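> Structure for the following, please:
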Amino acid sequence: MITSKRSFAGSVCGLVLLALASILYAKDKWSFGEWRRLSNDPILAPRGEGWESAGTFNPAIVLHEGRFVMLYRAQDAQGTSRLGYAESSDGIQFQRRPEPVLSPEADYEKDGGVEDPRLVKIDATYYLTYTGYNKKDAQLCLATSKDLVHWERQGVILPAYKGNWNVGWTKSGAIVPEKINGKYWMYFLGTTAEKTDEMGLAYSTDLAHWTEATKMPVLPRRPGHFDSRVVEPGPPPILTKNGIMLVYNGADDKLVYRGGIAVFDRKDPTRLLSRADVPVLAPEKSWEKNGQVPNVVFVEGIVRKGSKYLFYYGGADKYVGVAETELTGAEAGTSP
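As a prediction, the model looks like this:
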């Protein structure tokens with residue numbers, strides 16, 4: 001069949017418009033409302049002269065027996081990290097346990113510590129992904145618990161230097177809270193040969209043994225954007241009827257960290273559907289701009305509270321803050 005140039009151009013134009021409409025529709029379907037800080041001051045700050053004297057930041061959080069339970073990274077004056085435990089009835093005022101619930105013991109944690117937790121509950125078990133750092137290597141690790149206090153190490157689940165494309169350290173495991181296509185899925189951070197940090201994806205049938213799912217990052221960095229240098233998963237994703245919504249942490253070339261949004265296909269977690277061009281959270285408060293590492297907001301914790309979501313984040317690698325928002329345009333199917 002012979003097609004005229006005009007009809008061909010019209011077809012191409014129509015396809016382009018359809019594609020643009022689809023992108024705009026996706027962004028409209030999967031979006032949050034305005035993010036609002038629930039406290040002008042940190043809700044958790046360093047204290048004393050011991051294990052949490054230098055920093056208390058980068059929290060994971062869940063609802064457990066009607067209370068908010070937070071596991072947070074605590075750092076001492078020597079730079080060693082442990083995980084502290086805090087509880088709250090309202091999600092803002094927290095009471096802390098006097099001792100950490102996870103301290104460096106394994107060889108892959110010695111001297112550096114246990115860092116940057118993410119929490120997800122599957123069936124009756126809590127799964128904690130965290131970074132084990134021994135001042136030489138940082139590797140993505142897993143521990144399990146029934147009560148959030150007593151933890152059993154499952155070891156390194158994605159070793160450093162052995163990935164398909166991530167040839168450096170591994171960090172930041174954000175586990176999708178339900179199986180998809182008979183598998184569990186986890187977004188994670190890896191380091192490329194160019195020494196930039198980007199996002200990969202792994203799968204598992206038992207939550208203990210993980211395999212990389214792709215040969216390339218599923219969410220690469222974007223030169224010239226707020227995520228031009230680092231693209232790192234945040235808390236466990238939100239499963240909606242239409243997609244997997246992932247809050248992630250992006251850093252630009254000046255290593256200013258901001259929160260971003262990406263949405264992946266509900267049936268194919270490797271397929272990116274949409275990605276926000278502007279961040280949803282950025283350093284604004286003095287305690288988000290000044291600390292151990294300046295100009296950082298780093299989201300790691302999420303709790304659904306009615307129709308709203310509370311996101312917990314680290315400020316300047318020293319404090320914990322909380323922001324509230326609502327999911328608009330799509331009904332959340334499953335929440336961490």
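> State the distance from the residue nearest the centre of the chain to A124.
Geometric centre of the chain, nearest residue: G234, 1.1 Å, by C-alpha atoms, centre = their mean. Distance from G234 to A124, counting by C-beta to C-beta, to the nearest Å: 25 Å. (Each C-beta comes from the backbone N, C-alpha and C, glycine too.)
> go on, N58?
Using C-beta to C-beta, N58 is found at 26 Å from A124.
> tell me, how many neighbours does N134 end up with?
Other residues within reach of N134 by the criterion other C-beta atoms under 10 Å amount to 16.
> ditto for D76
Neighbour count of D76, defined by other C-beta under 10 Å: 18.
> check contacts around P233.
P233 makes contacts with R118, S172, G173, A174, Y187, F188, L189, M199, L246, Y248, N249, as judged by C-beta atoms under 8 Å, 6 or more residues apart in numbering.
> Double-check the residue nearest to the centre of the chain against Y312; I have them as touching.
No. Using C-beta atoms under 8 Å, G234 makes no contact with Y312, being 10.0 Å away.
> between the two, what contacts are shared?
Both G234 and Y312 are contacted by V299, E300, I302, under the criterion C-beta under 8 Å, 6+ apart.
> Most neighbours of all those, which one?
E300 (30 neighbours).
> Which helix or strand contains it?
Under the criterion of DSSP states H and E, E300 resides in strand 297-305.
> On the C-terminal side of that strand, identify the next helix or strand.
Past strand 297-305, the next helix or strand by DSSP H and E is strand 308-315.
> Which positions in the helix or strand just after that following strand come out as buried?
Counting by DSSP H and E, the next helix or strand C-terminal to strand 308-315 is strand 319-328. Neighbour-count burial for strand 319-328 flags Y319, V320, G321, V322, A323, E324, T325, L327 (criterion: 16 or more other C-beta atoms under 10 Å).
> would you list these in a markdown table and tack on distance to E52 and pLDDT?
Supplementary listing: the buried residues of strand 319-328 in a markdown table, determined by distance: C-beta to C-beta, whole Å; pLDDT from 0 to 100:
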| residue | distance to E52 | pLDDT |
| --- | --- | --- |
| Y319 | 12 | 98 |
| V320 | 11 | 98 |
| G321 | 16 | 98 |
| V322 | 18 | 98 |
| A323 | 23 | 98 |
| E324 | 26 | 96 |
| T325 | 28 | 95 |
| L327 | 33 | 80 |
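> and the two most separated of those residues?
Y319 and L327 (26.1 Å; C-beta to C-beta).
> next structured bit after the host helix or strand of R118?
Assessed by DSSP H and E, R118 sits inside strand 113-122. Following strand 113-122 in sequence order, the next helix or strand is strand 125-133 (DSSP H and E).
> Name the strands paired with the helix or strand following that following strand and say parallel or antiparallel.
Under the assignment DSSP H and E, the closest C-terminal helix or strand after strand 125-133 is strand 138-145. Partners of strand 138-145 in the sheet, by DSSP bridges, are strand 125-133 (antiparallel), strand 152-158 (antiparallel).
> Kindly calculate the angle that the longest one makes with strand 113-122.
Going by axes from the mean of the first three to the mean of the last three C-alpha atoms, to 10 degrees, strand 125-133 is angled at 160 degrees with respect to strand 113-122.
> hmm, back to that, so which of the strands paired with strand 138-145 is the most packed in?
Neighbour counts (mean count of other C-beta atoms under 10 Å) averaged over each of these peak at strand 125-133, with a mean of 24.
> Just the C-alpha atoms of it, please, in CSV.
Presented in CSV, the C-alpha positions along strand 125-133 are these (Å, rounded to 0.1, in the frame of the first residue of the first chain):
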residue,chain,number,x,y,z
THR,A,125,7.5,-11.2,59.9
TYR,A,126,9.3,-7.8,59.7
TYR,A,127,12.0,-7.6,57.1
LEU,A,128,14.7,-5.0,57.7
THR,A,129,17.1,-4.1,54.9
TYR,A,130,20.1,-2.1,55.9
THR,A,131,23.6,-1.2,54.9
GLY,A,132,26.4,-3.1,56.6
TYR,A,133,29.6,-1.0,56.5
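> Lovely, talk soon.
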